[in-house]
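Visitor: the following comprises the amino acid sequence and a computationally predicted model.
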Amino acid sequence: MTPAVLCLHGAGAGGWEWNVWRAVFEAAGLATAAPDLQPAAPGLARTTLDDYAAQARAALRALPRPRVLVGASLGGLLAAMCADDADALVLVNPLPPAPWHAELPSRDWPAIVPWRREARLASTRRALPDADEAAALYAFDRWRDESGLVLRTAHAGVTLERPVCPLLCMASAVDDDVPPAITAALAAAWDADVLRLPATSHVGPLLGRGAAAAARQALAWCRDRRGLPAASRHASE
């Protein structure tokens with residue numbers, strides 16, 4: 001049976017981050033959903049990580065099995081939090097759970113992180129050195145503000161059980177937000193397959209020039225590993 005795919009976006013972004021991946025998956029016949037995570041009823045400043053996780057879990061459970069859960073950055077942490085409802089898991093430069101969170105660069109988050117209000121095309125270009133001008137402009141027009149409470153909770157460390165389903169960790173060669181060594185350490189501890197990508201930014205695997213290639217590699221892994229017992233293997237592009 002063909003699996004369904006749910007893609008979870010990173011902080012300050014939306015389901016649009018997955019447009020390239022979604023096109024690759026759907027061309028292969030996989031039903032793919034990439035919803036926008038929504039602020040909780042009390043407002044963005046009071047939105048919690050658990051609020052987002054509940055949305056992710058509900059969206060995943062709405063899909064038929066077998067189902068693949070894919071997450072990038074904050075979405076990667078959310079995917080790991082919902083792994084017990086997935087049949088395979090793909091994490092792209094994920095925000096790591098405890099204890100690997102302690103290795104993240106130190107950040108201070110206000111109640112609402114003003115990524116939409118303070119968005120600038122120049123800073124978007126700097127954040128996406130591996131993307132073309134059209135992709136940078138597309139992202140610039142779509143960044144959104146984010147809950148500082150969500151990010152503070154994620155960076156404080158979330159304790160999770162190791163997923164039992166097949167797991168792939170994908171890491172950019174250069175990532176100032178989640179250094180690839182952190183993703184490698186997480187993958188080793190969780191007995192995950194590892195794919196090292198040539199991307200040179202945190203969101204490069206989704207928005208950079210190599211996004212389609214990264215999506216095809218994730219698709220190939222899903223076809224190869226879906227439903228098989230977990231085993232550690234390492235691959236590079």
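Guide: All right, it came through fine.
Visitor: so what does the residue most central in space within the chain have for phi and psi?
Guide: Taking C-alpha atoms, centre = their mean as the criterion, residue 72 is the residue nearest the geometric centre of the chain, at 0.9 Å. Reported as degrees, to the nearest 10, the phi and psi values for residue 72 are phi -120, psi 140.
Visitor: please name the bridge partners of the residue nearest to it when sequence neighbours are not counted.
Guide: Nearest non-adjacent residue to residue 72, counting by C-beta to C-beta, 6 or more residues apart in numbering: residue 92, 4.0 Å away. Backbone N, C-alpha and C define where each C-beta goes, glycine included. Going by DSSP bridges, residue 92 is paired in beta bridges with residue 72, residue 170.
Visitor: and the gap between residue 92 and residue 119?
Guide: Residue 92 is 22 Å from residue 119, where distance means C-beta to C-beta, to the nearest Å.
Visitor: those two: which has the busier surroundings?
Guide: Between residue 92 and residue 119, counted using other C-beta atoms under 10 Å, residue 92 has the larger neighbour count: 35 against 17.
Visitor: doesn't residue 69 make contact with the more buried one?
Guide: No. Residue 92 is not in contact with residue 69 according to C-beta atoms under 8 Å; the separation is 11.6 Å.
Visitor: okay, and the common contacts of those two?
Guide: Shared contacts of residue 92 and residue 69 (C-beta atoms under 8 Å, 6 or more residues apart in numbering): none.
Visitor: for the chain, which helix is longest?
Guide: helix 211-225 (DSSP state H).
Visitor: tell me the contacts of residue 86?
Guide: Contacts of residue 86 by C-beta under 8 Å, 6+ apart are 60, 67, 68, 69, 79, 163, 165.
Visitor: now do the strands in this protein.
Guide: 4-8, 32-33, 67-72, 88-92, 112-113, 146-147, 167-172, 193-197, 234-236 (DSSP state E).
Visitor: sheet partners, orientation included, of the first one?
Guide: Read that as strand 4-8. When DSSP bridges is applied, strand 4-8 pairs with strand 32-33 (parallel), strand 67-72 (parallel).
Visitor: hey, which of those is tucked in deepest?
Guide: Highest mean neighbour count among those (mean count of other C-beta atoms under 10 Å): strand 67-72, with a mean of 28.
Visitor: where are the low-confidence patches of the chain?
Guide: 226-237 (pLDDT under 70).
Visitor: go again with 80.
Guide: Filtered on pLDDT under 80, the chain yields the residue ranges 1-2, 225-237.
Visitor: what ranges does it have for its helices?
Guide: So, for the chain - with DSSP H - the helices run 19-27, 49-61, 74-81, 121-127, 133-140, 148-156, 180-189, 204-207, 211-225.
Visitor: point out the most buried one among those helices.
Guide: Among the helices of the chain, ranked by average contacts under mean count of other C-beta under 10 Å, first place goes to helix 204-207 (a mean of 28).
Visitor: so what does that one touch, helix or strand wise?
Guide: helix 19-27, helix 133-140, strand 167-172, helix 211-225 (3 or more C-beta pairs under 8 Å, 6 or more residues apart in numbering; DSSP states H and E).
Visitor: okay, the ones you listed in CSV with distance to residue 155 next?
Guide: Shown next, in CSV, are those (distance: least, C-beta to C-beta, whole Å):
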stretch, distance to residue 155
helix 19-27, 25
helix 133-140, 22
strand 167-172, 18
helix 211-225, 25
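Visitor: just checking, residue 112 touches residue 146?
Guide: Yes. In this structure residue 112 lies within contact range of residue 146 using C-beta under 8 Å: 7.4 Å.
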